[in-house]
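# fold the following, please.
(2 chains)
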Amino acid sequence: DGGITQSPKYLFRKEGQNVTLSCEQNLNHDAMYWYRQDPGQGLRLIYYSQIVNDFQKGDIAEGYSVSREKKESFPLTVTSAQKNPTAFYLCASSLFPGAGTDTQYFGPGTRLTVL
Amino acid sequence: LAKTTQPISMDSYEGQEVNITCSHNNIATNDYITWYQQFPSQGPRFIIQGYKTKVTNEVASLFIPADRKSSTLSLPRVSLSDTAVYYCLVVQTGANNLFFGTGTRLTVIP
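Now for the predicted structure:
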């Protein structure tokens, strides 16, 4: 059963703590992405990676970090430097990044709440 | 990034056809138009994609006029389960980012 998995579904964090969100895909896609969604808003790109061991900042990278050591995995760390981390986080992957016909496949999301 | 403009919300009764129009005045020659659907607390899901004229799949139809400055997503005979947010995106060749605006919140009424 191919797809993207994210864990955990819900995550609670105390202020000042770092937390890592997991994203795994078995679609054999080269490109992976992390988005943040706030209530009633669209998606904003945090980081993306088009190939293993390489990643680029998106529009709102401050306070976040990523790694891409394996093709299947793209974990996101929300650091204590992120001022307002409470949000819904979505991971996606795609096969033809940069192509007009590219489509992204999304995971189920992780809802992070800072207490 | 090519921005799009679409209505913030729409209501429809069950069984009706729904048309959601998206404006994308600065679309470039190599850009494609893609629509996604998002249910609450889920990731967006690809619905349909097109370049010009008409595209149809088992879920929806996409109408794109000759000047490609707008597009219309058509959902035939909607049901309550079609209540969701629908995003219109212009996918630029060479871009590494997809711009998801606020989308159109469709509410289907019994």
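# and residue B:81, that's in a helix?
Yes - counting by DSSP: H, G, I helix; E, B strand; the rest coil, residue B:81 falls inside a helix.
# what sits closest to it if chain neighbours are left out?
Leaving aside its sequence neighbours, residue B:81 sits nearest to residue B:108 (C-beta to C-beta, 6 or more residues apart in numbering or on different chains; 7.9 Å). Every residue, glycine included, has its C-beta placed from N, CA and C.
# same question, residue B:49
The spatial neighbour of residue B:49 that comes closest, neighbours along the chain excluded (C-beta to C-beta, 6+ apart), is residue B:34 at 4.4 Å.
# which residues touch that neighbour?
A:103, B:46, B:48, B:49, B:88, B:89, B:90, B:91 (C-beta atoms under 8 Å, 6 or more residues apart in numbering or on different chains).
# so which strand or helix has it?
strand B:32-38 (DSSP states H and E).
# tell me the mean pLDDT over that strand?
What strand B:32-38 shows for mean pLDDT is 95.
# give me the mean pLDDT for the helix or strand that that strand is followed by.
Proceeding N to C from strand B:32-38, the next assigned helix or strand is strand B:45-50, under DSSP H and E. Strand B:45-50 comes out with an average pLDDT of 95.
# ok, now stretch A:16-34?
On average, stretch A:16-34 scores 94.
# where does chain B come near chain A, residue by residue?
Residues of chain B lying close to chain A (C-beta under 8 Å from any C-beta of the partner chain) are B:30-32, B:34, B:41-46, B:49, B:51, B:87, B:91-103.
# now those: which count as buried?
B:31-32, B:34, B:43-45, B:49, B:87, B:91-92, B:95-101, B:103 (16 or more other C-beta atoms under 10 Å in any protein chain shown).
# ends of stretch A:36-47, how far apart?
10 Å (C-alpha to C-alpha, to the nearest Å).
# ok, and does it reach over to chain B?
Yes - using C-beta under 8 Å from any C-beta, stretch A:36-47 reaches chain B at A:40, A:41, A:42, A:43, A:44, A:45.
# fine by me, we can end here.
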